[in-house]
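*Asks:* Predicted coordinates and the sequence they were generated for:
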Amino acid sequence: MRVAVTGGAGYIGSHTVVELLEEGHEVLILDSFANAAPDVPDRITAIAGHAPRIVRVDITDAPALTAALQEFAPEAVLHFAGLKAVGEAVSNPLEYYRVNVTGSLVLLQAMQAAKCRRLVFSSSATVYGDPDQVPIPEDHPLRPTNPYGHSKRMIEQVIEDWGVANPEIAAVNLRYFNPVGAHASAQIGEAPSGTPNNLMPYVAQVAAGQRPRLSIFGDDYDTPDGTGVRDYIHVVDLAQAHLAALGLTATAPGVQAINVGTGRGYSVLEMVRAFEGASGKPVPFDIVARRPGDVATSLANPRRAADRLNWTASRDLDAMCEDAWRWQSYLLRKNS
């Protein structure tokens, strides 16, 4: 199958491209490389044994994106491209709406022009906001608490409306919880430019001695140890969920939302201790004020993924931390 992957050189996108290539799909990566290293496609090729096609394009560039899709003629699109940091979204909401929402509109219009009707969208559990119940089911009310979550909810709504207007559309909005870890080869992983916005790459950099201390945003939440609890999922499990969702679009027209998580939560302090165990390195930290837009606990109810995708996460916390540390060690050697 011909599959176009926006943001395919990024963290989650690159792992998914590896899985696609290993299953024999023909893959086109559409990426601006604004937040991805230029050698990621080479490392993808080394892992998978097959090379993806590459078009360097910004998701908001309508003429270029439309031309790329019409030339490649994809049978399906996996849409990862976008900005993703909650704190940054709070301070710069207009840029998040411009890139995430406008970019997605441009993509859907380009897909329509290319007569491509199958889509898997990288959404987020932030669409639920502060949940009424945990684990969170997909029919939970959607009440985002920050601009990043609002942008994801807006995109989901656009896709839903697109599906209503075009009954032949088959789309899955995958609501991620917290991807962590790296490919076991240590050839690809999360490598944020500048200061990491997510917990695990920051923890890894502290363990590696690249940053002096971790800031934990609040220890007064209604959780067992006072720090925020999240559902962490290994990035390779998440990538494999995308292939399962891609398969679903071949048989199930319409638009549906599916959680991608484990249903098991870990607090920030538990993640720190687990990473210390995997790395053998200390992770000193300071408790600081809560971060605007954060919630106490966010856990997936993963039942729908098991029922509709025949998928469940298989990698545990130890694997998440061990693979993340192996990747961080690779980065240290590469940059030394």
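*Replies:* Happy to help now that I have it.
*Asks:* any chance you could map the strands in this protein?
*Replies:* Secondary structure of the chain (DSSP state E): strands at 2-6, 26-31, 53-56, 76-79, 118-124, 170-176, 178-180, 214-217, 229-234, 254-260, 265-267, 285-288, 297-298.
*Asks:* which other residues reach the fifth one?
*Replies:* Around strand 118-124, the neighbours that count as contacts under C-beta atoms under 8 Å, 6 or more residues apart in numbering are 7, 12, 75-80, 82, 84, 104, 108, 111, 148-149, 152, 155-156, 159, 169-176, 242, 245-246, 249-250, 257. Every residue, glycine included, has its C-beta placed from N, CA and C.
*Asks:* Give me the sheet partners of that strand and which way each runs.
*Replies:* Strand 118-124 has the following strand partners under DSSP bridges: strand 76-79 (parallel), strand 170-176 (parallel).
*Asks:* Kindly reformat the ones you listed as JSON lines and extend each row with mean pLDDT and mean neighbour count.
*Replies:* Formatted as JSON lines, the strands paired with strand 118-124 follow (pLDDT from 0 to 100; neighbours: other C-beta atoms under 10 Å):
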{"stretch": "strand 76-79", "mean pLDDT": "98", "mean neighbour count": "27"}
{"stretch": "strand 170-176", "mean pLDDT": "98", "mean neighbour count": "25"}
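*Asks:* ok, back up a step: for the strands of the chain, which one ends up most surrounded?
*Replies:* Among these, strand 76-79 has the highest mean neighbour count (mean count of other C-beta atoms under 10 Å), at a mean of 27.
*Asks:* who does the lowest-mean-pLDDT helix or strand in the chain touch, helix- and strand-wise?
*Replies:* In the chain, no helix or strand scores lower on mean pLDDT, DSSP states H and E than helix 86-91, which sits at a mean of 86. Secondary-structure packing of helix 86-91 (3 or more C-beta pairs under 8 Å, 6 or more residues apart in numbering; DSSP states H and E): helix 147-165.
*Asks:* List the buried residues for the helix it packs on?
*Replies:* Of the residues in helix 147-165, 147-156, 159-160, 162-163 count as buried by neighbour count, 16 or more other C-beta atoms under 10 Å.
*Asks:* what's the answer for stretch 291-299, then?
*Replies:* Here stretch 291-299 shows 293, 294, 295, 296, 297, 298, 299 as buried, counting by 16+ other C-beta under 10 Å.
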